[in-house]
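Trainee: With the sequence up front, the predicted model follows.
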Amino acid sequence: MRALLAASTIAFALAPPPAWARVTPEQGRAPRPPSRLQAPRLWTEQTGAFSIERPDGDRWSFRGDARGPDGERLPLVARAPEAGAQLIVQSADGIASLRQLARLLADHLQGEEGVHVEEVNRLPARGGEAYGFAFSVSDEARGRVAVVRTGEHVALVIASWPMGASPLVAEDVEGMIGSLGPPPNALPPGVF
């Protein structure tokens, strides 16, 4: 069941993002850029299942109330409209083996026409245990799938972007996956 739900979310992630209106800032004095000494900009999922660091700048918008193609709740849909990129985080609670789920998803995706899947490997993530793989769809898109432990929960991350997107998009995706973990103060100090 989880694999089918994940497969429908992967199909959703590969679909082109809807057109979003662009909001232009007011004219006048520009706000002061944030200090490098400030804490990272963490976005926390509304039920407290995970938090993830927002990339610098305003390339990405985060939404926590989206629905997938089958009506399932998607805890996070992050989009970079100008780049045509999106990153979806879905709950994968109840999974016994993160590595096994990543391999199952890689095998399923490899069976799709025109899709090339790289080897499943361990990933660095703030939450601890994480496995994932990169993929490409013909000469159209690239992507990344990751299964990440976020404290007491497990998150499934599916990201995709057009083949010609800036390398900064892939860096943003890797950074977001690496920052995925439990919300601040959710675990006793020193656990991670």
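Mentor: Ah, there it is. Residues are numbered from 1 along each chain as shown.

Trainee: what helices or strands is the host helix or strand of residue 99 leaning on?
Mentor: For residue 99, the element it lies in under DSSP states H and E is helix 98-110. On a contact count with 3 or more CB pairs under 8 Å, 6 or more residues apart in numbering; DSSP states H and E, helix 98-110 meets helix 2-14, strand 115-117, strand 130-137, strand 141-150, strand 153-162. C-betas here are computed from N, CA, C, even on glycine.

Trainee: Out of the ones you listed, which gets the lowest mean score?
Mentor: Lowest mean pLDDT within these: helix 2-14, a mean of 53.

Trainee: hmm, back to that, now do the buried residues in the helix holding residue 99.
Mentor: 98, 101, 102, 103, 104, 105, 106, 108, 109 (16 or more other CB atoms under 10 Å).

Trainee: quick one: that helix to chain centroid distance?
Mentor: Chain-centre distance of helix 98-110: 16 Å, with CA atoms, centre = their mean, to the nearest Å.

Trainee: now stretch 59-70
Mentor: 11 Å.

Trainee: Next: stretch 87-94.
Mentor: 9 Å.

Trainee: List the contacts of it.
Mentor: 2, 5-6, 9, 12-13, 45, 49-50, 52, 60, 68, 72, 74-79, 101, 147, 153-159, 173, 176, 180 (CB atoms under 8 Å, 6 or more residues apart in numbering).

Trainee: So what's the model's average confidence on that stretch?
Mentor: Averaged across stretch 87-94, the pLDDT comes to 92.

Trainee: For it, list the C-alpha coordinates in CSV.
Mentor: Output in CSV follows, covering the C-alpha atoms of stretch 87-94 (Å, rounded to 0.1, in the frame of the first residue of the first chain):
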residue,chain,number,x,y,z
LEU,A,87,10.1,18.9,-3.6
ILE,A,88,7.4,16.8,-1.8
VAL,A,89,7.6,15.4,1.7
GLN,A,90,5.2,12.6,2.5
SER,A,91,4.8,10.5,5.7
ALA,A,92,6.3,7.0,5.6
ASP,A,93,5.6,6.1,9.2
GLY,A,94,5.3,2.4,9.9
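
Trainee: Buried subset of the contacts of stretch 87-94 as a ChimeraX selection?
Mentor: Typed into ChimeraX, the line below selects the buried ones among these, using 16+ other CB under 10 Å:
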select :2,5,6,9,12,13,45,49,50,52,60,68,74,75,76,77,78,79,101,147,153,154,155,156,157,158,159,173,176,180
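
Trainee: Perfect, I'm done here.
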